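Enquirer: Sequence and predicted structure below; questions after.
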Amino acid sequence: MKRVLALLALFTLALAQSELQFLGQLETEFRLRYADLSQSEPATRFRLRLETGADYADLSVELRADARGVRLGEAYAQAYLGPVDLMLGRILLTTGRTDLYSPLDAFNPRDYSYPLAPPEEQKVPVEGAWLVYYPTDARASVELYYAPRFVPSTPPEGIWARPNPLPPGVVKVETARPGPLLENGVFGVRGLYSFDVLEGLDVNALLLYTYTPFPGLKALLDASDPSRPCPDPSTGPCIAVLGYDRLTLVGGDLTFGFSLPEIEGGFIARIEAALGLTGDLEGQNPLVQDSYFEGVLELEHPFPDGPTVLLLYHGRYAKAPGWTHHLALSAYYEANESLTLEGAWVQNLSDGSGVLLPRVRYRLAEGLEARASLSFLYGKGTSEFGVWRDNGELSLGLRYVF
Amino acid sequence: MRKAWLLLGLLLFPAFALSGDEVMARVEARPTPKTFHGVLEMQLINKRGKVTTRELELWTKKEGEVEKMLIKFLAPPDVRGTAFLAIKKGEREEMKLYLPALKKVRRIAGGQKKGSFMGSDFTYDDIARLGSLKRENYKNKLLKEDARHYLVEATPKPGVESAYERLLIWVEKPHFDVVKIEFYQKGALYKVMTLAEIQTFAEKYRIPTKLTMENKKTGHKTVLLQKKIEVDRPIPDSVFSERFMRR
C-alpha cells in the first residue's frame, strides 16, 4: 500500500502541470427479504476518484468508503511509451470477453460476500503491473501481467455463507497463504488479434499462472501437537490446514459478428474456454484441488427498437463433481434516456436451481438515478442457488454520480 | 423572339434543369474534409422539455472507401470514458463500444446500427453518416423546386439495408446544402432532421454546426451542437483503435 502511494505521489508531481479532476459516486441501498420481511441496514457506499493526465501518462486514485471502512480502490499510474502502455499500481483488468461467466477473467480476485452484486462490482483491485505492446499492426497486441502478491477471493458472507460444517474430528481450521516471494506472484501473457473477416473477428489466447481462488485441504494436524499429523482424522481432535493450489490457466476466446438473411439485427457470438491445470491432473490427490475445464458459448442479438438479448451456456468439468451446466438469459433495454430495464435469469441445469433478477433504473436528474431490483432464488436446499432460496429480496437504491 | 421565349421558359421552369439524382450528385460532389475533429454537445430533450446534456469528442477520417469514426464521451460523469468506434470498408462495417465500468471493448452487432445512439434520437448509423447520404444506394426523384430549395425524395434501392423506407430531402440553393431530412417508416413520418447554422471551414467545407433530430412519434428531440471544429488536420490511424478507446 505504501509503495503504491509513494509511486502515485511521484507521478502526481510529474503530472502537476495537468488539470486535476475529481469524480465521485455516492450510492445507498435498502434491502427487504421476502421470507421474513427482515430489513437490511441501509448500505451506503462512496467512491471518490482523482484523475489527471497528459499525453504521455495518466494517474487515477480511487478511495472507497462503506460499512467496512475507508480503503484504497483502484490507484494506478499509466504511461504511454511509444508502442508500449505500462500500468502500475492497484489495478483492475479484464482478461476475458464473455459475460456473467468468464473462465479467462481470473487476474483479479472477487468479493462474493454479496453474491448478487453485478460481476464488475465484485472484482477487487490488486497491486500489480500491466504492460501492453502494440506492434505496428493496429489489430494486434500482446499483454503481460504481474501481481507480486496473491490475493484470494472472498466467499459469500453472513446470510449468504454456504453451510460448510467441519469434518468430524476437526476442531480448528487454519489457512496458509502464499508468502510475498517473487516466485509466488501471479504471471500472465495474452495475445490479441482482430481479423478483418466476416463482420469482424477477435481472437485472444491467454496463459495465466495463478492460484485457485479458494483454498483446499492441505493437511490434518494433531490439535495437541501441530507438528504431527492427526492420528485419527475421524475422531480428532485435528487442525485442518487449508491452502491455495497453483493453477495454470490456458485458454482462448473468440468473438465474431454475423447476420442471418431472415432476421433483422445481426448477431455477436462469443466463445471462451479454459483449462485450469493444478498439480493433480488425474484428480487422484485429495490434498490438491482438481484440474478442470470451463467453457462459455454466448449469443447476443439486438432486437430492432427493442431490447438487446444475450443467451449463454456455461459448462464446467472437474473430476468431482463432474459436469455442471448453466444456461443464462439476460436482456437490456434503454427505453429512453431516463428509463432502463434489465433482467437476468441463470439456471443450473445440473441441480435444477436458479436465480431470476429483474431490475429497473430511472434517471431522476443529471447524475441521479433510482434503482429497484428483485431477486428470486429457487431449488433444493443443498443446490447451488437453492441454498439461498430464503434470501430473495427487494432492493431499492439511489445513486448519485458527480 | 424564339430566344426570348426560351429565356422565359428557363425562368419559369427551372425545376427541370436538374433531376433528383443530379441534385444529390451535386450534394455529394461538394468537398468534404478528409479528417474531422470536434467537440459536440448533445442535448436530449423529452416531450415535457426536460433537457439532458452530454458532451462528446468526435474524430473522423476518410481514405478511399475506408471511413473511420471514433466518439468519446466527456460528460456527464456517469457516461464519461465511454467510447464508440466504427470502421466502414465498402459495405462491411465494424463497430465497437468501450464501457469503462466493465473495462471491456465490446463488439456491437451490425443491427445495432439502427438502434438509438446513447439514448438519443440519432441511430448509430445516423451518427456514422451525420447527414451524408450515399446517392448510389437511393432512387432519387425531384419532387419540387422553388427559389431557395430542391425537394428530393430518396427511396432505398432493392437490397440496400436501411432503417427508413423513404426520405424527403430539402437541398438549399446555391451551395447544395442539405438543410432538412424527413425520415419515413411504415408509411408515416418517423423523424425529422434539420441541419442549421451552416458555416464554411477552410474556405471550402460547408458544415452544419447545429443538427436537430426530432422523433415525431415520441415527441423526443436531440440537438447536436458542433463546437471546436478542426478539419483536414492529420489524425493518425492509431486514434481509431481499441488502445485509444481505453485512454
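Expert: Nice, thanks for sending it over. Numbering: from 1, shown residues only, chains lettered A, B, ... in the order given.

Enquirer: What pLDDT does the model give residue 237?
Expert: All of this refers to chain A. On pLDDT, A:Pro237 comes in at 89.

Enquirer: nope, chain B
Expert: Here, the pLDDT recorded for B:Asp237 equals 88.

Enquirer: Report the contact partners of it.
Expert: The contact partners of B:Asp237, taken as CB atoms under 8 Å, 6 or more residues apart in numbering or on different chains, are A:138, B:61, B:68. Any C-beta I mention is one placed from the backbone N, CA and C, and that applies to glycine too.

Enquirer: Go ahead and report the secondary structure state at the last one.
Expert: Under the three-state scheme (DSSP: H, G, I helix; E, B strand; the rest coil), B:Lys68 adopts strand.

Enquirer: list the contacts for A:Val360?
Expert: Counting by CB under 8 Å, 6+ apart, A:Val360 makes contact with A:339-342, A:371-373.

Enquirer: Ignore what I typed, I meant A:Gly266.
Expert: A:Gly266 sits next to A:199, A:257-259, A:301-302, B:109-112 when contact means CB under 8 Å, 6+ apart.

Enquirer: On the three-state scheme, the residue of the stretch 201-350 of chain A at minimum distance from chain B is what?
Expert: Per CB to the nearest CB, the residue of the stretch 201-350 of chain A with the smallest distance to chain B is A:Gly265, at 3.0 Å. On the three-state scheme (three-state DSSP), A:Gly265 is labelled strand.

Enquirer: is it true that it touches A:Phe303?
Expert: Yes. Shown here, A:Gly265 and A:Phe303 form a contact pair, counting by CB atoms under 8 Å, at 6.0 Å.

Enquirer: For these two, indicate the residue with more neighbours.
Expert: Between A:Gly265 and A:Phe303, A:Gly265 has the larger neighbour count (other CB atoms under 10 Å in any protein chain shown), namely 22 against 15.

Enquirer: Quick check: the more buried one vs B:Ile108, distance?
Expert: In this structure, A:Gly265 and B:Ile108 are 11 Å apart, going by CB to CB, to the nearest Å.

Enquirer: what do the two both touch?
Expert: Residues touching both A:Gly265 and B:Ile108 (CB under 8 Å, 6+ apart) are A:Pro302.

Enquirer: so where's the chain uncertain?
Expert: Went with chain A since none was named. Along chain A, segments meeting pLDDT under 70 span A:1-18.

Enquirer: should've been chain B
Expert: Judged against pLDDT under 70, the low-scoring parts of chain B cover residues B:1-16, B:111-113, B:128-133.

Enquirer: Return the residues of it in contact with chain A.
Expert: For chain B, the contact set with chain A under CB under 8 Å from any CB of the partner chain comprises B:44, B:46, B:52-53, B:76-78, B:80, B:89, B:92-94, B:101-104, B:107-112, B:114-116, B:119-120, B:218, B:220, B:237-238, B:240-243, B:247.

Enquirer: swap the cut-off to 7 Å and go again
Expert: By CB under 7 Å from any CB of the partner chain, the part of chain B that sits against chain A consists of B:44, B:52, B:76-78, B:92, B:94, B:101-104, B:107, B:109-112, B:114-116, B:119, B:220, B:237-238, B:241, B:243.

Enquirer: Just the ones of those residues in strands?
Expert: Among the residues of chain B next to chain A, the residues falling in strands (DSSP state E) are B:44, B:52, B:92, B:94, B:104, B:107.

Enquirer: can you tell me how far the first one sits from B:Glu214?
Expert: When you say that, I think you mean B:Leu44. Looking at B:Leu44 against B:Glu214, where the rule is CB to CB, the gap reads 12 Å.

Enquirer: Looking at these two, which has the bigger crowd around it?
Expert: In this view B:Leu44 and B:Glu214 are compared by other CB under 10 Å, and B:Leu44 has more residues nearby, 20 against 17.

Enquirer: Buried residues, the strand or helix carrying A:Leu394. List them.
Expert: Element membership of A:Leu394 [criterion: DSSP states H and E] is strand A:393-401. Within strand A:393-401, the residues that qualify as buried are A:393, A:395, A:397, A:399-401, counting by 16 or more other CB atoms under 10 Å in any protein chain shown.

Enquirer: With respect to A:Arg389, which of the contacts of A:Gly266 is nearest?
Expert: For the contacts of A:Gly266, the residue nearest A:Arg389 by CB to CB is A:His301; the value is 31.2 Å.

Enquirer: Quick check: end-to-end length of stretch A:107-124?
Expert: The stretch stretch A:107-124 measures 10 Å between its terminal residues, going by CA to CA, to the nearest Å.

Enquirer: A:Leu250 contacts A:Ser291, doesn't it?
Expert: To be clear, residue A:250 is Val; Leu isn't right here. No. Counting by CB atoms under 7 Å, A:Val250 stays clear of A:Ser291, with 10.7 Å between them.

Enquirer: List the residues that are in contact with both of those two.
Expert: Residues touching both A:Val250 and A:Ser291 (CB atoms under 7 Å, 6 or more residues apart in numbering or on different chains) are A:Leu277.

Enquirer: ok, residue 190 - contacts?
Expert: By default, I'm working from chain A. By CB under 7 Å, 6+ apart, A:Arg190 lies in contact with A:95, A:143, A:204-206.

Enquirer: try again with chain B
Expert: With contacts taken as CB under 7 Å, 6+ apart, B:Tyr190 has the following neighbours: B:164, B:183-184, B:216-217.

Enquirer: could you redo the last one with a cut-off of 10 Å?
Expert: If you count contacts by CB atoms under 10 Å, 6 or more residues apart in numbering or on different chains, B:Tyr190 has them with B:121, B:163-166, B:182-184, B:214-217.

Enquirer: List the strands paired with whichever strand or helix holds it, with their directions.
Expert: For B:Tyr190, the host element (DSSP H and E) is strand B:188-201. Partner strands and pairing direction for strand B:188-201 (DSSP bridges) are strand B:177-185 (antiparallel), strand B:205-215 (antiparallel).

Enquirer: which residues of the chain fall in helices?
Expert: Went with chain A since none was named. Shown for chain A, the helices assigned by DSSP state H span residues A:2-14, A:119-122.

Enquirer: Correction: the question concerned chain B.
Expert: Counting by DSSP H, chain B has these helices, from start to end: B:2-12, B:20-29, B:124-129, B:242-246.

Enquirer: Derive a ChimeraX selection command for the buried subset of the ones in strands among the residues of chain B next to chain A.
Expert: In ChimeraX, a selection of the buried entries from these looks like this (16+ other CB under 10 Å):
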select /B:44,52,94,104,107
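
Enquirer: Max pairwise distance over the ones in strands among the residues of chain B next to chain A: which two?
Expert: Of all the pairs that those form, the one spanning the most space (CB to CB) is B:Thr52 and B:Arg92, at 33.8 Å.

Enquirer: and the residue lying closest to B:Gln199 once chain neighbours are set aside, what does it touch?
Expert: With sequence-adjacent residues excluded and distances taken as CB to CB, 6 or more residues apart in numbering or on different chains, B:Gln199 is closest to B:Thr209, at 5.6 Å. For B:Thr209, the contacting residues are B:38, B:40, B:195-199, B:201, B:224-227, B:229, by CB under 10 Å, 6+ apart.
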